[in-house]
Structure formats: C-alpha cells, structure tokens
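Peer 1: Just to be clear, the model below is a prediction. Sequence and coordinates:
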Amino acid sequence: MNFNLQPTLQNSLIQIVPLKQEDFETLYAVASDPLIWEQHPNKNRYQRIIFENFFEGALSSGGAFLVYDNETGKVIGSSRYYELDEVNHSIAVGYTFISRDCWGKGHNKALKQLMFDYAFQHIDKIILHIGATNFRSQKAIEKLGAKKVGEMEVAYYGEPTKLNFVYQVNKKDWEAQ
C-alpha cells in the first residue's frame, strides 16, 4: 500500500501541510485557548507542558498536519492520520482541533473532506476516536455521515486512558454522499 501519511492537500478554504518540530510555537498559540479543550477528555491540553507532550505525540505519529486558513494564511489547527491498518484497509483520523474563530465556518468539515477524500484513495474505512464527553465533535462527525460503532478506552500519547466513542465512515457511504 502506497499511503503517504503526510501529503500536502488543499481545497478552497484550507491547506494542510506536514507538521514539523519548528511549528510548535505557532501551533501552541492556537492550542493555548482553554475553550478549545472544554469538552475534550484531556481538558488541560491548553497548558504548555501538557501540549508539549501532545505535540511530541503528533510528531512521532508520522501523520500529523498543520491546518492553514487560505484567506488569512494563518495556522488554525491540526489533525492527523494514525493507526494505518493494511490488513483491514483502515486508518484513523483525529487529534483534530481548530481555533475558535473558525468554528461554525466550515473549516472542520473542509479538513475532514480533504483527509477523507485522500484516505479513501487507499483504504476502505476511516475510524475516529472521540471522547465520550466531546459532544461538539460527536455532532460534527455525525453530520459527515460517521456512525458510532463502539466504545473503548484510549490511552493518548503519554496521557491517562479515557473513554472514547468509536465512529466509522465506510468508503462506499462516503462516495454516495
């Protein structure tokens, strides 16, 4: 399977590029807003020391992105591919956060569309792990056609295990939309 975990992708609203070590301060400027993490299982990720761990996990995943707003050229968040499973033809998408000034403006949807469209060129299903109390993210992913298929404890990189809902999007369903 020839799945590049960090392609540069763009649509009319955003561009995503591979995350690099030198992007820490720029991304932390976005992530330092406590309200971004309000419903997330790890609510203290806005704290620098906690975000440093998150950032290290993002880099080590080999599939993390910076998200740019095309209109302003500013970094507005991050997301990543992880857990590529060649046997089951699946990949997980997640660890997504977007600056609050972009909430409700289509940036998250545009991000997922870019990532899903690219992934479905190589695999048949996308898995998403969403915190059990992260109602905002659950609602957003359900609007894109994701179905809840289970629950599981997830150990984020260097963080405590938390209950997550597992969502799935199948290629045939995505293409039918």
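Peer 2: Arrived safely.
Peer 1: Using the three-state scheme, assign Asp117.
Peer 2: helix (DSSP: H, G, I helix; E, B strand; the rest coil).
Peer 1: quick one, what contacts it?
Peer 2: By C-beta atoms under 8 Å, 6 or more residues apart in numbering, no residues touch Asp117. Yep, even glycine has a C-beta here, placed from its N, CA and C like the rest.
Peer 1: do you know how far it is from Leu144?
Peer 2: 12 Å (C-beta to C-beta, to the nearest Å).
Peer 1: Show me which residues of whichever helix or strand Asn164 is part of are buried.
Peer 2: Using DSSP states H and E, Asn164 maps to strand 161-170. Buried residues in strand 161-170, counted by 16 or more other C-beta atoms under 10 Å: Lys162, Asn164, Phe165, Val166, Tyr167, Gln168, Val169, Asn170.
Peer 1: Contacts for it, please.
Peer 2: 41-42, 116, 124-132, 138, 141-142, 144-156.
Peer 1: With stretch 95-103 instead?
Peer 2: Stretch 95-103 has contacts (C-beta under 8 Å, 6+ apart) with 30-31, 33, 35-37, 54, 57-58, 61, 64, 67, 69, 76-80, 82, 107-108, 111-112, 137.
Peer 1: which among those end up buried?
Peer 2: 30-31, 36-37, 54, 57-58, 61, 64, 67, 69, 76-80, 82, 107-108, 111-112, 137.
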